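*Asks:* what would the 3D arrangement of this be:
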Amino acid sequence: MGTKAMEAFVSNETALFMNKHPPHVFKPMSLPSIIVKLTLGLLWCIIHLSISLFSLCYHLICNLEYYLISSGLLPKYRNLQLERVKYLAIVVDSREANNAVKLKQLLCWLSTIGVKHVCLYDIDGAIKKYFEPGMNGSGDGSSADSLDVNANTKALHCCHGEMSIECISGCDGKEGIAKAANLLCSMYFNGDKYTHGVDKSELVFTEADMASALKSIGYGGPEPDLLLVYGPARCHLGFPAWRLRYTEIMHMGQLKSMKYGALVKAFYNFSKKYQNYGK
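*Replies:* Alright, predicted model coming up:
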């Protein structure tokens, strides 16, 4: 390629390049686009600020109410009617189940309120391991800080009086279902009749059959009247479903931020609820 041809090629490429925007230079935004973007950003900030203020006010009001309840300044919370709470279940998130101090305080509060029968549950079994060292002996319960479990009566002595407890975990639910299914299958293949007279030729397992099988292998247990959930999730976290047919479930927030007033209010609200049982 000659010198003149090279100069012509360079001049053509320079002219072509000058008519184009460099690749790193963006086109400026139009004024309407800027206005829309600023408006949406401002609207989002207003909504976020409103929700944050509402949440803050709600927590302040709740904390004030819990303080008044704990101080006994609200008369309607002084005398709780616990006749409907014959059996209470406590579900604790696995991330907080190792907090022995909070668990001990919670049980003392329940004993003070007057709860007699409690079921403690966490999916990993940390609570069950926490009570295992006390299963071989019992205390006299004379100290306000005593927390001992009697191996024969399975009773917890804490703060005031005596409160029986049951500790279960997620593996209890899985093992219970598996053992109950094995029992029903063995009954079927051995020619036994089911609890409600279903013939062997008809393979039908009813809810009553499963409940009877779970009870016979020791995984039945009483159905809680009220279940309190401590943790970030608003669910029963794997608590045995066959024991929750008519149970009222209440979310109590995280265990580390539990309050005595919130516990009393939960019992009061439950005493005012009306439950319809289908036939």
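*Asks:* from here on, contacts and neighbour counts on C-alpha atoms
*Replies:* OK.
*Asks:* how about the helices in the stretch 51-200 of the chain?
*Replies:* With helices called from DSSP state H, counting those that start in this stretch, the stretch 51-200 of the chain shows them at 100-113, 126-131, 170-189.
*Asks:* look through the chain and tell me its longest strand.
*Replies:* If you go by DSSP state E, the chain has its longest strand at strand 162-169.
*Asks:* test for you: state the pLDDT assigned to Ser201.
*Replies:* If you check Ser201, the pLDDT there is 55.
*Asks:* let me fix that, I meant to ask about Met163.
*Replies:* At Met163, the model reports a pLDDT of 83.
*Asks:* what's the mean pLDDT across stretch 78-88?
*Replies:* Across stretch 78-88, the average pLDDT comes to 88.
*Asks:* and the residue lying closest to Gly170 once chain neighbours are set aside, how many neighbours?
*Replies:* By the measure of C-alpha to C-alpha, 6 or more residues apart in numbering, the closest residue to Gly170 outside its immediate chain neighbours is Ile123, 4.2 Å from it. Ile123 is flanked by 21 other residues according to other C-alpha atoms under 10 Å.
*Asks:* quick one on the thing from earlier: can I get the helices of the stretch 51-200 of the chain in CSV with mean pLDDT?
*Replies:* Formatted as CSV, the helices of the stretch 51-200 of the chain follow (pLDDT from 0 to 100):
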stretch, mean pLDDT
helix 100-113, 92
helix 126-131, 83
helix 170-189, 70
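*Asks:* for Tyr87, which of those is the nearest?
*Replies:* helix 100-113 (11.8 Å; C-alpha to C-alpha).
*Asks:* got the angle between the closest one and strand 162-169?
*Replies:* When axes from the mean of the first three to the mean of the last three C-alpha atoms, to 10 degrees is applied, the directions of helix 100-113 and strand 162-169 differ by 140 degrees.
*Asks:* which parts of helix 100-113 are buried?
*Replies:* Buried residues in helix 100-113, counting neighbours by 16 or more other C-alpha atoms under 10 Å, are found at Lys102, Leu103, Lys104, Gln105, Leu106, Leu107, Cys108, Trp109, Leu110, Ser111, Ile113.
*Asks:* I'd like to know how far the fifth one sits from Lys76.
*Replies:* Note on Leu106: its distance to Lys76, by C-alpha to C-alpha, to the nearest Å, is 22 Å.
*Asks:* the protein - how does it break down into domains?
*Replies:* Following automatic domain parsing, one finds the domains of the chain at 31-79, 82-177+221-271.
*Asks:* TSV please, covering those domains and showing distance to Ser212.
*Replies:* What follows is the domains of the chain, written out as TSV (distance: least, C-alpha to C-alpha, whole Å):
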stretch	distance to Ser212
domain 31-79	38
domain 82-177+221-271	11
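*Asks:* just those: most buried one?
*Replies:* Burial among those, expressed as mean neighbours by mean count of other C-alpha atoms under 10 Å, is greatest for domain 82-177+221-271, which shows a mean of 18.
*Asks:* endpoints of that one, how far apart?
*Replies:* Domain 82-177+221-271 has an end-to-end distance of 7 Å (criterion: C-alpha to C-alpha).
*Asks:* same check on stretch 109-128?
*Replies:* End-to-end distance for stretch 109-128, by C-alpha to C-alpha: 20 Å.
*Asks:* can you tell me the SS state at Asp209?
*Replies:* Under DSSP: H, G, I helix; E, B strand; the rest coil, Asp209 falls in the helix class.
*Asks:* now swap in Asn276 and tell me
*Replies:* Assigned by three-state DSSP, the conformation of Asn276 is coil.
*Asks:* list the contacts for it?
*Replies:* Asn276 makes no contacts at all, as judged by C-alpha atoms under 8 Å, 6 or more residues apart in numbering.
*Asks:* begin at 16 from here
*Replies:* OK, 16 is where the count begins now, so the last one is Asn291.
*Asks:* Lys280 and Gly236: what is the separation?
*Replies:* Look at Lys280 and Gly236: by C-alpha to C-alpha, they are 27 Å apart.
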